[in-house]
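Chemist: show me the folded form of this:
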Amino acid sequence: MIVLVDTTVWSLALRRRRSALSAAETALVEEWTRLVQTGEAALAGPIRQEVLSGIRDAKAFAGLQEQLGNFRYLVIVPSDYDRAAAFFNDCRAAGIAATPIDMLLCAIASRHDAAILTTDGDFALYAEHLPIRLHLPSRSPDVA
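Modeler: From the prediction side, this is the model:
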């Protein structure tokens, strides 16, 4: 199984203190840990960029950059952009406001048959209209 882990989850796992997490967030971080340990966690370019953005310390940036290089990387191909645009149009026709980056992530995940792990509730709306799957922690079914 491949799980495309969205920026929101990477941020919880890497930038927040465990003691500051809610029960639902803790379940997400535990699932992220399991996915990392089993090699199921995957990244895509826009997620990698967002995870690395905002790190002021050059040494910390380089360290995280190196660590991220150890993860499965879902490469973007030109047809992903076309599919993302079609997904955007499908969502818009259904009355759902989508962002181009979210649609690109959906297109990448769909092509790779990867589930998406995110805290962004918009993806649950997308999943009602697009051929994508969400990955939820088994411990906490209320996490979206």
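Chemist: how about the strands in the protein?
Modeler: All strands of the chain, identified by DSSP state E, fall at 3-5, 41-43, 72-73, 115-117, 133-134.
Chemist: out of these, which one sits most buried?
Modeler: strand 3-5 (a mean of 25; mean count of other C-beta atoms under 10 Å). All C-beta spots, glycine's among them, are computed from the backbone N, C-alpha and C.
Chemist: list the strands paired with that one, with their directions.
Modeler: strand 41-43 (parallel), strand 115-117 (parallel) (DSSP bridges).
Chemist: thinking again about what came up before, mind putting the strands of the chain into CSV with mean pLDDT?
Modeler: Formatted as CSV, these follow (pLDDT from 0 to 100):
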stretch, mean pLDDT
strand 3-5, 98
strand 41-43, 97
strand 72-73, 96
strand 115-117, 98
strand 133-134, 98
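Chemist: count the residues that sit near the closest residue to residue 97 other than its chain neighbours.
Modeler: Using C-beta to C-beta, 6 or more residues apart in numbering and skipping residues adjacent in sequence, the residue nearest residue 97 is residue 91, 7.6 Å away. A count of nearby residues for residue 91, using other C-beta atoms under 10 Å, gives 22.
Chemist: now do the contacts for residue 91.
Modeler: Contacts of residue 91 were listed using C-beta atoms under 8 Å, 6 or more residues apart in numbering, and they are 97-98, 103, 125-126, 129-130.
Chemist: can I get the strands of the chain in TSV including distance to residue 66?
Modeler: Formatted as TSV, the strands of the chain follow (distance: least, C-beta to C-beta, whole Å):
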stretch	distance to residue 66
strand 3-5	18
strand 41-43	13
strand 72-73	14
strand 115-117	23
strand 133-134	30
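Chemist: wait, which of the ones you listed is closest to residue 61?
Modeler: Among the strands of the chain, strand 41-43 comes nearest to residue 61, with 15.9 Å by C-beta to C-beta.
Chemist: which residues touch the closest one?
Modeler: By C-beta under 8 Å, 6+ apart, strand 41-43 touches 2-5, 32, 35, 51, 68, 71-74, 112, 114.
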